[in-house]
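> Just a sequence and a predicted model for now, questions to come.
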Amino acid sequence: MTSDVANESKTVPERGLRARRASEVMAALGIVQLGDPILTAAARPFVLPQERDEALRILDRLSAIADRVERVHNFAGGVMGLAAPQIGEPRSIAIFREGGSPQLVLINPQVIEVGPVGRQDWEERTEGCLSFFDFRCALRRPRTAVISYHTPAGDEAIVTVDRGRLAGDVLHEVDHLGGVLCVDHVEPGAPSVSRA
């Protein structure tokens, strides 16, 4: 998932490679692309602390692939999120990187509450996704979200995300873990996708 920034579609081809569509570049970096059934299946939660080593192994892979993505794409101060199914791991873990902040790791995240309550008051936005980076989805997202999750150490924690753009980004990744894509949130009759 990526935030809505002006230069989002400017993905730099890797050295020695011809210019390719953004989705082709993401696939070459290890991002599973739209059409793979892992993206529409619910991820399996971790049993902690018993599966801590497995969670850390997948976290290492997520971080390494996120590093590669950041080397070829400028997120211009936005947020980059990546969920385990997007790297072919059907487990419930996602990471978020917001410019200048430490990486946030959510294991087994669950949405406790979103706000405002009324969908008509949610923020209209477009979302990009590393799993179909050539297009953007037009949808509404809550402006705030309260998420419960486990830390890599296995501790239970709660995070409140109260900045609209970031709240939507976190919800985008939590959706991935449930097998839901941003196109599934597009309202009937609304333009579903646009070129990135």
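Done, it's in. Numbering: from 1, shown residues only.

> And stretch 52-65, what's buried?
Within stretch 52-65, the residues scored as buried using 16 or more other CB atoms under 10 Å are 52, 55, 58, 59, 61, 62, 65. For the C-beta atoms, the positions are set from N, CA and C on the backbone; glycine is no exception.

> got a list of contacts for that stretch?
29-31, 46, 48, 82, 84, 87, 89, 91, 93-95, 103, 105, 107, 152-154 (CB atoms under 8 Å, 6 or more residues apart in numbering).

> Under the pLDDT cut-off, which ranges of the chain? List them.
The model of the chain has pLDDT under 70 over residues 1-19, 76-77, 164, 189-196.

> now the helices for it?
Under the criterion DSSP state H, the chain contains helices at 22-28, 52-72, 164-177.

> Can you dump the C-alpha atoms of the longest one in CSV for me?
Okay, so that is helix 52-72. C-alpha atoms of helix 52-72 as CSV (Å, rounded to 0.1, in the frame of the first residue of the first chain):
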residue,chain,number,x,y,z
ARG,A,52,8.0,-16.3,17.3
ASP,A,53,10.9,-17.6,15.1
GLU,A,54,8.5,-17.9,12.1
ALA,A,55,7.2,-14.4,12.7
LEU,A,56,10.7,-13.0,12.8
ARG,A,57,11.7,-14.9,9.7
ILE,A,58,8.8,-13.4,7.8
LEU,A,59,9.5,-10.0,9.3
ASP,A,60,13.0,-10.1,8.0
ARG,A,61,11.7,-11.0,4.5
LEU,A,62,9.1,-8.1,4.6
SER,A,63,11.8,-5.6,5.7
ALA,A,64,14.3,-6.8,3.0
ILE,A,65,11.7,-6.5,0.2
ALA,A,66,10.5,-3.1,1.5
ASP,A,67,14.1,-2.0,1.4
ARG,A,68,14.3,-3.1,-2.3
VAL,A,69,11.1,-1.3,-3.1
GLU,A,70,12.3,1.9,-1.5
ARG,A,71,15.5,1.8,-3.5
VAL,A,72,13.6,2.0,-6.8
